[in-house]
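1. Quick one, structure for this:
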Amino acid sequence: MSRYDLIIVGAGIVGAACAANAACEGLSVALVEPGPIGGGATAAAMGHLVAMDDDPAELALSAYSLKLWERYAHLEDAEFSRCGTLWVARNPRELETVPAKIARLAAAGLTAERVDAEQLYQFEPALVPGLAGGMRVPGEAVVYPPRMARHLVDQAIEAGARLYAGRRVAELVDRGVRLDNGERLTGPVLMATGVELPQLLPELPLRPRKGHLAITDRYPGLVHHQLLSLDYADSAHGDADTSVAFNVQPRPTGQILIGSSRQFNVSDREINLPLLRQMLQQAVAFLPVLRELQVIRVWTGLRPATPDGRPYLGPVPGRREVWVAAGHEGLGVTTALGTARLIVDGLLGRTPEIDPAPYLPDRAITGKAA
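-> Prediction:
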């Protein structure tokens with residue numbers, strides 16, 4: 001048996017961030033990952049670093065994480081790009097929601113500005129004519145998630161963590177885990193396995209939410225900001241079985257990443273051509289120039305979604321020394337660093353910088369209101 005201060009199951013960006021944070025705090029860390037680093041939901045993610053303001057707890061965790069991301073703003077190999085986010089209003093009614101959004105972001109320490117129609121087209125001339133304006137959040141950014149996960153794992157290893165690459169946790173045992181080769185690791189366990197969480201923690205409700213993404217060839221300078229429609233949250237946090245929303249992102253490579261779709265009750269990774277067409281039509285409605293571009297790759301991924309849309313972060317009731325950091329759905333990249341700080345603060349008995357109560361997994365087991 002090998003003894004550790006923390007055994008982390010899953011090396012997506014959340015598990016990788018937890019490993020780096022814990023190892024740099026001086027904890028002995030084991031990181032168990034059967035596949036490629038960041039090869040699951042992390043590899044399929046857009047990589048946006050963006051604050052969503054429609055849920056106070058989600059905003060608190062996002063804003064906290066965004067401040068922590070500043071440490072990595074120099075990472076060219078992770079394709080960190082401070083492109084900013086431009087939220088687009090199709091009509092005056094949507095534009096009227098902007099002042100309240102700016103106020104909520106400001107209360108969380110984030111800077112945003114109202115944009116009228118003239119400014120909107122100065123920022124993004126390729127947008128369809130007739131839009132009302134929007135909101136710009138200049139400090140937000142994008143990263144390439146799997147490469148960022150690899151960077152965090154390397155950081156953890158440099159600080160003394162051990163990576164059990166190609167190994168799978170077969171079973172949670174008393175105060176530890178048993179690997180698929182029979183080896184036993186002892187110590188507190190952190191489950192960071194995304195959509196696979198119910199395999200070892202079936203008491204925590206979680207289901208996959210499938211998404212499609214498409215990426216174009218290189219067209220540098222065509223789009224300057226990450227672009228989202230102001231009704232994006234209706235799709236991102238709605239409970240419809242199927243939905244699409246406008247989300248287009250410029251990559252530092254000059255490529256344009258196009259999203260986003262959401263599907264419940266589907267767990268395969270096959271491309272749904274009618275839904276992909278609907279998603280692309282939505283994007284073209286805002287950016288007609290996309291119709292002229294060459295898409296070179298399309299893929300899907302599975303987001304881990306909890307019933308109330310908030311991740312599970314903290315100790316699991318009824319399990320001795322078992323913790324969880326999973327269920328971030330579409331904000332795992334944004335909130336990975338804040339998640340890691342909350343988890344490590346909890347493990348070390350420190351007072352965290354934000355209230356951990358809204359994310360505790362006991363709400364799913366005891367039925368407490370979120």
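
2. give me the element L342 is part of.
-> Using DSSP states H and E, L342 sits in helix 332-348.

3. name the helices or strands packed onto that helix?
-> Applying 3 or more C-beta pairs under 8 Å, 6 or more residues apart in numbering; DSSP states H and E, we find helix 332-348 packed against helix 13-24, helix 41-44, strand 48-49, helix 56-69, strand 312-315, strand 322-326. Every residue, glycine included, has its C-beta placed from N, CA and C.

4. Now do the helix or strand following it: distance to the chain's middle.
-> Going down the chain from helix 332-348, the next helix or strand is helix 362-366, by DSSP H and E. Centre-to-centre, helix 362-366 and its host chain are 23 Å apart (C-alpha atoms, centre = their mean, to the nearest Å).

5. average pLDDT across helix 362-366?
-> The average pLDDT within helix 362-366 is 86.

6. Helices of the stretch 201-350 of the chain, residue ranges please.
-> 232-236, 273-286, 332-348 (DSSP state H, counting those that start in this stretch).

7. returning to that earlier point: to L163, which of the helices and strands packed on helix 332-348 lies closest?
-> The closest of the helices and strands packed on helix 332-348 to L163 is helix 13-24. By C-beta to C-beta, the value is 8.4 Å.

8. tell me what the helix or strand following that closest one is packed against?
-> Toward the C-terminus, helix 13-24 is succeeded by strand 29-33 as the next helix or strand (DSSP H and E). Secondary-structure packing of strand 29-33 (3+ C-beta pairs under 8 Å, 6+ apart): strand 6-9, helix 13-24, helix 145-158, strand 162-165.

9. can you rerun that using 10 Å?
-> strand 6-9, helix 13-24, helix 145-158, strand 162-165, strand 176-179, strand 184-186, strand 189-191 (3 or more C-beta pairs under 10 Å, 6 or more residues apart in numbering; DSSP states H and E).

10. Compare those and give me the one nearest L228.
-> That would be helix 145-158 among these, by C-beta to C-beta, at 17.8 Å.

11. CA atoms only for that closest one - export them in PDB, please.
-> Listed next in PDB are the C-alpha coordinates belonging to helix 145-158 (Å, rounded to 0.1, in the frame of the first residue of the first chain):
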ATOM      1  CA  PRO A 145      -8.100  23.300 -22.100                       C
ATOM      2  CA  PRO A 146      -6.200  20.000 -22.600                       C
ATOM      3  CA  ARG A 147      -2.900  21.800 -22.800                       C
ATOM      4  CA  MET A 148      -3.700  23.800 -19.700                       C
ATOM      5  CA  ALA A 149      -4.600  20.500 -17.900                       C
ATOM      6  CA  ARG A 150      -1.200  19.100 -19.000                       C
ATOM      7  CA  HIS A 151       0.500  22.200 -17.600                       C
ATOM      8  CA  LEU A 152      -1.200  21.800 -14.300                       C
ATOM      9  CA  VAL A 153      -0.300  18.100 -14.000                       C
ATOM     10  CA  ASP A 154       3.300  18.900 -14.800                       C
ATOM     11  CA  GLN A 155       3.200  21.600 -12.100                       C
ATOM     12  CA  ALA A 156       1.900  19.000  -9.600                       C
ATOM     13  CA  ILE A 157       4.600  16.500 -10.600                       C
ATOM     14  CA  GLU A 158       7.300  19.100 -10.200                       C
END
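
12. a markdown table for the helices and strands packed on helix 332-348, including mean pLDDT?
-> What follows is the helices and strands packed on helix 332-348, written out as a markdown table (pLDDT from 0 to 100):
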| stretch | mean pLDDT |
| --- | --- |
| helix 13-24 | 98 |
| helix 41-44 | 94 |
| strand 48-49 | 96 |
| helix 56-69 | 97 |
| strand 312-315 | 98 |
| strand 322-326 | 98 |
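
13. so which of these is the most packed in?
-> helix 13-24 (a mean of 29; mean count of other C-beta atoms under 10 Å).

14. Now do that helix against strand 29-33, angle only.
-> 160 degrees (axes from the mean of the first three to the mean of the last three C-alpha atoms, to 10 degrees).

15. gap between helix 13-24 and the chain center?
-> 15 Å.

16. do stretch 350-358 as well
-> On C-alpha atoms, centre = their mean, the centre of stretch 350-358 falls 20 Å from the chain's centre.

17. same question, stretch 152-170
-> 21 Å.

18. So for it, first residue to last residue, what's the gap.
-> 25 Å (C-alpha to C-alpha, to the nearest Å).

19. ok, now stretch 247-255?
-> 14 Å.

20. what comes up buried for it?
-> N247, V248, Q249, P250, R251, Q255 (16 or more other C-beta atoms under 10 Å).

21. repeat for stretch 152-168
-> Quick answer for stretch 152-168 (16+ other C-beta under 10 Å): L152, V153, Q155, A156, I157, A159, A161, R162, L163, Y164, R167, R168.

22. Any idea how far apart the tips of that stretch sit?
-> Stretch 152-168 end-to-end distance (C-alpha to C-alpha) = 20 Å.
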